[in-house]
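> missing the sequence, but the structure's below:
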């Protein structure tokens, strides 16, 4: 990535929700190019609608094409937003696969590729505080707000 692309937490969750719903990056790029939210209808569910996805991105200078093809950094993560982004992006259940509390995420087990995606996207107000190897070659992470 030559210049870091930044996305709001909500835009990042919507993008990852579309991916999780089986919409390919090429299809998402086509939806962005044509500003056709109908192409993303299959990803809609409560709290995840795409009607303002393109206009919000334009108004806030979000480069959706680059975010899709090159990756992105979230501008700011809230506790609940980070929990939802992790659950959506890595297809995890926040009630079973990791714990999330005020300023902390614990027991998050990811592959090395997933860790790299997390490192790239995680907003600067959070950091990976601890990483431990698991018996199956994955990584168990603890995330905290910076300064904690």
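On my side now, so go ahead. None of these values were measured; they are calculated from a predicted model. Numbering: from 1, shown residues only.

> can we go C-alpha only for contacts and neighbour counts from here?
Fine.

> Which residues are in contact with residue 8?
The contact partners of residue 8, by CA atoms under 8 Å, 6 or more residues apart in numbering, come to 62, 74, 75, 76.

> Can you list the residue ranges for helices in the chain?
9-20, 25-34, 53-59, 64-70, 79-90, 112-121 (DSSP state H).

> ok, and which of those has the densest surroundings?
Across the helices of the chain, the average number of neighbours (mean count of other CA atoms under 10 Å) peaks for helix 9-20, which reaches a mean of 22.

> List the contacts of it.
By CA under 8 Å, 6+ apart, helix 9-20 touches 25, 28, 40, 42-43, 48-50, 53, 57, 68, 74-77, 81-82, 84-85, 88-89, 91.

> orientation of that helix relative to helix 79-90 in degrees?
20 degrees (axes from the mean of the first three to the mean of the last three CA atoms, to 10 degrees).

> Please work out the average pLDDT along helix 9-20.
Across helix 9-20, the average pLDDT comes to 97.

> quick revisit: of all the helices of the chain, which lies closest to residue 144?
helix 79-90 (9.6 Å; CA to CA).

> one step back: make JSON lines out of the helices of the chain and add distance to residue 99.
Below are the helices of the chain laid out as JSON lines (distance: least, CA to CA, whole Å):
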{"stretch": "helix 9-20", "distance to residue 99": "19"}
{"stretch": "helix 25-34", "distance to residue 99": "30"}
{"stretch": "helix 53-59", "distance to residue 99": "29"}
{"stretch": "helix 64-70", "distance to residue 99": "28"}
{"stretch": "helix 79-90", "distance to residue 99": "9"}
{"stretch": "helix 112-121", "distance to residue 99": "16"}
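
> and of those, who's closest to residue 105?
helix 79-90 (7.8 Å).
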